[in-house]
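Q: Give me coordinates for this.
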Amino acid sequence: MKATYVPVSHEPRRFWSALSSRGFKMRKPRVNRMVLAMCLGSFVMVIFYFQINLKPAAAQGSDQTRTLAKSGRSPLQTLYDTDPMELSPLQVMHQGRRELLEEACRSYTRKRRVLIPEDLKHVMVDDQHGLLYCYVPKVACTNWKRVLMVLTGGAGPERERRQPLQIPAHEAHVPGNLRTLSEYSTAEINQRLRGYLKFLFVREPFERLVSAYRNKFTRSYNTAFHKRYGTKIVRRQRPDARPEALERGDDVSFGEFVRYLVDPATQREEPFNEHWERVHSLCHPCLIHYDVVGKYETLEEDAAYVLKLAGADGEVRFPASGKSTRTTGELAASYFKDISPVYQRKLYNLYRMDFLLFNYTMPGYLKVR
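A: Take a look at the predicted model:
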């Protein structure tokens, strides 16, 4: 809040000077000490009343928020009310991630703007636990949606479904099972942004990209992606393509996919699909202050941390992943070995902000050094 400057009029001073010049003697008013003491006492009582009865901003949410952490505090209070001298190694790590993200935003973003509803379509709301989750495809978002469906009661009757993996993957992505922040009014959006714990999960950008390519272009069941994107990529990136390839689009190579991504005409035509869109464009981490930045590389540990902050660690467990980051890193390297240095550089420049904002280094297998 900006301080308001109110100029003081000098007219009263002139009035009393005039009276003095006419022989009037002014007596200083006597201060009634008892009245002063009563006023001070009343003021203290008012302050004490507000301290007891008004919730702190971190604890405020909508009237729908019913569940607090086991300690009786909101997830936001649980996160920030810890004595800095008593932080665990896990808490110190997450504090470091927040600070690195804030510093990167200051260093690499120049223009600030106001959030619009379109920016909030990936932010899912759990009013019962005071959580806002920005989902990023190919970063365990299916399991996070399953977890939130269990927490918010969207997973069906208790006797039927209580574990996330009992929810089919396709059902987790059905629109309407979970509300997004864009569906609320402006006042409700601001209230949740101030009072709820905001978190997202990120992944090494090129490992995420390889995962998206493998899932959407090498699996026979993804015919919708083959028709929607595969045929377009073949038409643009493959000279003398066979008629069946142009019709089916089910044999796109990784090199063709990379050339499609870095082609300026691609983004001029339409926004990227969410599966290969940059995280900073999906979740706007320089406009929204995320309290927890989870990483795919420490997925189970970070997921348990979020659930504990929400007081939900006794309600649900995040599904364990059988994948190792070492395997996914080696897999990404194998896909990039046939990509020329020119296109490696172009692709890195395209995803550069995600590398910088989330403290990922340029992969050692790239030939652009």
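
Q: Run through the neighbouring helices and strands of the helix or strand hosting Leu132.
A: Assigning secondary structure by DSSP states H and E places Leu132 in strand 131-134. With contacts taken as 3 or more Cβ pairs under 8 Å, 6 or more residues apart in numbering; DSSP states H and E, strand 131-134 sits against strand 123-126, helix 141-152, strand 197-202. Quick note: C-beta positions are derived from backbone N, CA and C, even for glycine.

Q: now the second one, how far from the centre of its chain.
A: The chain centre lies 16 Å from the centre of helix 141-152; the measure is Cα atoms, centre = their mean, to the nearest Å.

Q: I'd like the mean pLDDT over it, please.
A: For helix 141-152, mean pLDDT is 96.

Q: Give me the buried stretch members for stretch 94-107, please.
A: His94, Arg97, Leu101, Ala104, Cys105 (16 or more other Cβ atoms under 10 Å).

Q: is it true that His280 lies in a strand?
A: No. Counting by DSSP: H, G, I helix; E, B strand; the rest coil, His280 is not found in a strand; it is helix.

Q: you'd agree it is up against Ile288?
A: No. Checked against Cβ atoms under 8 Å, the pair His280 and Ile288 is beyond contact range at 10.8 Å.

Q: Averaged pLDDT, the strand holding Leu132. What do you get?
A: On average, strand 131-134 scores 98.

Q: What lies in contact with it?
A: Strand 131-134 is contacted from outside by 75, 122-126, 144, 148, 151, 181, 192-193, 196-200, 282-283, 288, 290, 306, 310, using Cβ atoms under 8 Å, 6 or more residues apart in numbering.

Q: mind redoing it with 6 Å?
A: His122, Val123, Met124, Tyr196, Leu197, Lys198, Phe199, Leu200, Cys283, Ala310 (Cβ atoms under 6 Å, 6 or more residues apart in numbering).

Q: Look up phi and psi at the residue lying closest to Thr223 once chain neighbours are set aside.
A: Once flanking residues are discounted, Thr223 sits nearest to Asp250: 7.4 Å by Cβ to Cβ, 6 or more residues apart in numbering. When read as degrees, to the nearest 10, the backbone of Asp250 gives phi -110, psi 10.

Q: ok, so what distance separates Asp250 from His275?
A: Distance, Asp250 to His275, using Cβ to Cβ, to the nearest Å: 17 Å.

Q: pLDDT below threshold where in the stretch 201-350 of the chain?
A: 322-326 (pLDDT under 70).

Q: The same query, at a cut-off of 80, please.
A: 321-327 (pLDDT under 80).

Q: just checking, Gly230 is part of a helix?
A: Yes. Assessed with three-state DSSP, Gly230 lies in a helix.

Q: what's the burial count for the nearest residue to Pro271 once chain neighbours are set aside?
A: Closest residue in space to Pro271, ignoring its immediate chain neighbours: Glu277 at 6.9 Å, by Cβ to Cβ, 6+ apart. Neighbours of Glu277 under the rule other Cβ atoms under 10 Å: 16.

Q: Stretch 208-228: end-to-end distance?
A: Terminal residues of stretch 208-228 lie 20 Å apart, using Cα to Cα, to the nearest Å.

Q: Please identify the buried residues of that stretch?
A: Arg208, Leu209, Val210, Ser211, Ala212, Tyr213, Lys216, Phe217, Asn222, Phe225, His226.

Q: so which of those would you say is closest to Gly255?
A: Among those, Tyr213 lies closest to Gly255 (Cβ to Cβ), at 10.5 Å.

Q: What helix or strand is that closest one located in?
A: Using DSSP H and E, the element containing Tyr213 is helix 205-217.

Q: what sits up against that helix?
A: For helix 205-217, using Cβ under 6 Å, 6+ apart, the contacting residues are 138, 222, 225, 252, 254, 257, 275-276, 328, 332, 335, 351, 354-355, 363.

Q: hmm, 7 Å instead?
A: 138-139, 222, 225, 230, 252, 254, 257, 275-276, 328-329, 331-332, 335, 351, 354-355, 360, 363 (Cβ atoms under 7 Å, 6 or more residues apart in numbering).

Q: mind putting the buried residues of stretch 208-228 in TSV, distance to Ala320 included?
A: Compiled in TSV, the buried residues of stretch 208-228 are given as follows (distance: Cβ to Cβ, whole Å):
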residue	distance to Ala320
Arg208	20
Leu209	24
Val210	22
Ser211	18
Ala212	22
Tyr213	25
Lys216	25
Phe217	27
Asn222	25
Phe225	28
His226	31
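
Q: just those residues now: which is nearest Leu347?
A: Nearest member of the buried residues of stretch 208-228 to Leu347, counting by Cβ to Cβ, is Leu209, at 8.0 Å.
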